[in-house]
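J.: Any chance you could fold what I've pasted below:
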Amino acid sequence: MSDAAIATSSTKPPPTAVASAVLQRVEQRLSPRKHFAYVIQIAWNNDEDTYALRSHLELFHFQCRLLDYYPDAAGLGDYARIIPRLPGKHAYAKTAEKALKFVPEVQTYLQQLFNLPPEVSRSDMVLQFFRPTRADRNFADLERTLASHADKLSTGGLSRFNCALALVIYL
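T.: Numbers count the residues shown, from 1 in each chain. Below is the predicted model:
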């Protein structure tokens, strides 16, 4: 199913703002290369919840584009900076320990970002960055599948082999 078909099949109106964003955890990803991604649960203003998996490098590049596109909010000239600060490229994590080190700062960044004036926090640039991608939707589907299998496993309705097989098929 195409992205357009997925978007139009919903009965909810399209979201126009992020109501909240919570950094759930950090996960190691192997595709397209080994890296760590922040698993961010996004609550939209249309009561839809989605996940966004974003690496620190993706957040950093997004931050750079935001600062370039909104120079006044970035504090250039006589204006006070209102765009929150994100740890820079030095925070690019090659280990789980380093990725976890920056979780509090990234969570604070997300909270401050979505509390900015609507011309920034509800901009197409911000909304597009946090809208779920196909990979995000696949991740959410896997999360639901594994949760369902875990429930069945705990009640004796599914073998450990089937749970492992579901994970291998996804990867």
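J.: Run through the residues that contact the residue most central in space within the chain.
T.: Centrality entry for the chain: nearest residue to the mean C-alpha point is Ala52, 2.5 Å, by Cα atoms, centre = their mean. Ala52 is in contact with 21, 39-40, 42, 130-133, 136, counting by Cβ atoms under 8 Å, 6 or more residues apart in numbering. In this view, the C-beta of every residue, glycine as well, is placed from N, C-alpha and C.
J.: can you give me the helices for the chain?
T.: 3-9, 56-69, 96-101, 103-113, 118-121, 124-130, 134-154, 160-170 (DSSP state H).
J.: which helices and strands sit right next to the third one?
T.: Contacts defined by 3 or more Cβ pairs under 8 Å, 6 or more residues apart in numbering; DSSP states H and E place helix 96-101 against strand 18-29, strand 35-44.
J.: re the thing from before, the helices of the chain: lowest mean pLDDT?
T.: Among these, helix 160-170 carries the lowest mean pLDDT, a mean of 43.
J.: before we move on, the earlier item: ok, so of the contacts of Ala52, who is nearest Leu110?
T.: Set against Leu110, the nearest of these by Cβ to Cβ is Ala21 (4.3 Å).
J.: Tell me what that closest one is bridged to.
T.: Ile42 (DSSP bridges).
J.: Test my guess that it contacts Leu110.
T.: Yes - between Ala21 and Leu110 there is a contact under Cβ atoms under 8 Å: 4.3 Å.
J.: Alright, calling it a day.
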